[in-house]
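**Student:** One predicted model, sequence on top.
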Amino acid sequence: MNFNAGPATLPLPALERARDELLDFASTGMSVMEHSHRGKEYEAVHDEALSLLRELLGVPTTHDILFLQGGASLQFATIPMSFLPPGGSADYVVTGAWGAKAYSEAGKWAAIAGARANLAATTKDGGYTRIVRPEEAKLDPAAAYVHWTSNETIHGVQYRDVVRFGARPQVCDVSSDFLWRKIAVAPFSMIYGGAQKNIGPSGVTVVIASKDFIGAGRKDLPSILQYREHAEARSLLNTPPTFGIYLMRNVLAWLEGLGGLDAIESRNRTKADVLYAAIAAHAGFYRCPVAEDSRSVMNVVFRLPTEDLEKRFVDEAKKQDMVGLKGHRSVGGIRVSLYNAVEPAWVDALTQFMKDFAKRAG
Ligand SMILES: Cc1ncc(COP(=O)(O)O)c(C=O)c1O
């Protein structure tokens, strides 16, 4: 029972398919990894992954889907490089460690470019335990874009409803928020995230962006850093991470077979409800620091009365085959990631363990 935050558990059928096809992909006598990315066998996989993602998320034709490399972290750099012009500014709304990183990276580029990254709002003083309401943000009406993070993976803070910060283009890091529920893509100029949470293995970064927005991006950057060039080349500008995209295709096909996002969303919400209820049922022992309206469905964080007990909790859970429960090293505590491939039965096992542990140690 793997509760890792990313790389994270993958659906067993997607892995089994990869195992079965590993040595002989599409009756070619070799693995998909050994095919040219310009060959028709790989291209069929590439196109299927693109079309499955478009269909599952309902991505409108106004938006391109890109498969890139470098993780969400490279996006922290290429977003300001592409869209923050000299003399301009971009707004950053920060509700956790990843948003803080995005803001800090933007600041570095802004210093080079003679532009400004503006901290429109932050919940740092409260320890990143809640979302920011749009009316709290000090937005620049002329900002090139507004960047925010829809789910903070480390702090367990999530916008339960998709919001909008002002009228300027919305750019959102959805790394740990991708593809577990339906969201309207059209209002965003760009959403992006690493695949290694809900979509596939690490090594693939998915960017979904408005054609107009990326079309207006800076044109004098090296080609590999330009979204427009990747879009024109259908993410085949250079050698893509072919095996990662193949595995992503398997995950997307699995999700479609399950009934798509409507089916997985209700399953995910139930898992989170069960877990938060278990925390509340032992409120003197387990404590979730996140404000109720900001609690993440994907990454549930909580504390025990002492760090020693937290260590014991993680060690004893591991003996019962539950792994990935240790909170991020920067914040400690417990973190349970509930991505699509986490089975409801695992959450039942975990909540039973939590009940027993609280009784023994509380
Ligand atoms: C919300 C969020 N943004 C950005 C990142 C950084 O992603 P990467 O390691 O793919 O660069 C992570 C990684 O966990 C994340 O959870």
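**Tutor:** That came through fine.

**Student:** Which single residue in the stretch 1-150 of the chain comes nearest to the ligand?
**Tutor:** As assessed by Cβ to the nearest ligand atom, the ligand sits closest to Gly71 within the stretch 1-150 of the chain, at 2.5 Å. For every residue, glycine as well, the C-beta is placed using N, CA and C.

**Student:** Could you measure from the closest residue in space to Lys326 that isn't next to it in sequence over to the ligand?
**Tutor:** Leaving aside its sequence neighbours, Lys326 sits nearest to Val314 (Cβ to Cβ, 6 or more residues apart in numbering; 5.0 Å). Between Val314 and the ligand the computed distance is 19 Å (Cβ to the nearest ligand atom, to the nearest Å).

**Student:** May I ask which helix or strand encompasses Val314?
**Tutor:** Assigned by DSSP states H and E, Val314 falls within helix 307-319.

**Student:** ditto for Ala90
**Tutor:** Here Ala90 is assigned to strand 89-94, by DSSP H and E.

**Student:** And the contacts of that strand?
**Tutor:** Outside strand 89-94, the residues that touch it by Cβ atoms under 8 Å, 6 or more residues apart in numbering are 80, 83-84, 99-100, 102-103, 106, 110, 115-124, 132, 137, 139-140, 142-149, 165-166, 168.

**Student:** what residues are up against the closest residue to Asp177 other than its chain neighbours?
**Tutor:** Distances taken as Cβ to Cβ, 6+ apart put Asn151 closest to Asp177, at 3.8 Å, once the chain neighbours are dropped. Counting by Cβ under 8 Å, 6+ apart, Asn151 touches Val157, Gln158, Tyr159, Val174, Ser175, Ser176, Asp177, Ser296, Met298, Asn299.

**Student:** Inside helices: which ones of the residues you listed?
**Tutor:** Secondary structure from DSSP state H places none of the contacts of Asn151 in helices.

**Student:** Format the residues you listed as CSV; extra columns: neighbour count and distance to Asn198.
**Tutor:** Below are the contacts of Asn151 laid out as CSV (neighbours: other Cβ atoms under 10 Å; distance: Cβ to Cβ, whole Å):
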residue, neighbour count, distance to Asn198
Val157, 27, 17
Gln158, 25, 13
Tyr159, 22, 16
Val174, 25, 10
Ser175, 29, 9
Ser176, 29, 8
Asp177, 26, 8
Ser296, 28, 13
Met298, 30, 8
Asn299, 30, 11
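
**Student:** which one among these gets closest to Leu258?
**Tutor:** Met298 (17.1 Å; Cβ to Cβ).

**Student:** how far away is the closest one from the ligand?
**Tutor:** Distance from Met298 to the ligand, by Cβ to the nearest ligand atom: 9 Å.

**Student:** Name the nearest residue to whatever residue of the stretch 251-362 of the chain ends up closest to the ligand, sequence neighbours excluded.
**Tutor:** Nearest to the ligand, among the residues of the stretch 251-362 of the chain, is Asn299, at 8.3 Å (Cβ to the nearest ligand atom). Leaving aside its chain neighbours, Asn299 sits nearest to Gly156 (4.7 Å; criterion: Cβ to Cβ, 6+ apart).

**Student:** Tell me the predicted confidence for that neighbour.
**Tutor:** pLDDT, Gly156: 98.

**Student:** Domain-wise, how is the chain divided?
**Tutor:** Following automatic domain parsing, the chain resolves into domains at 12-257, 260-361.

**Student:** which of those sits most buried?
**Tutor:** domain 12-257 (a mean of 19; mean count of other Cβ atoms under 10 Å).

**Student:** before we move on, back to that, who's in contact with the residue nearest to Asn299?
**Tutor:** Gly156 neighbours (Cβ under 8 Å, 6+ apart): Cys288, Val290, Arg295, Ser296, Asn299, Val300, Val301, Arg335.

**Student:** Pick the one among these closest to Gly324.
**Tutor:** Among the contacts of Gly156, and counting by Cβ to Cβ, the member closest to Gly324 is Arg335, at 8.1 Å.

**Student:** tell me what the helix or strand where the closest one lies is packed against?
**Tutor:** Arg335 is part of strand 334-337 when elements are defined by DSSP H and E. If you count contacts as 3 or more Cβ pairs under 8 Å, 6 or more residues apart in numbering; DSSP states H and E, strand 334-337 packs onto strand 299-302, helix 307-319.

**Student:** Alright, I will stop here.
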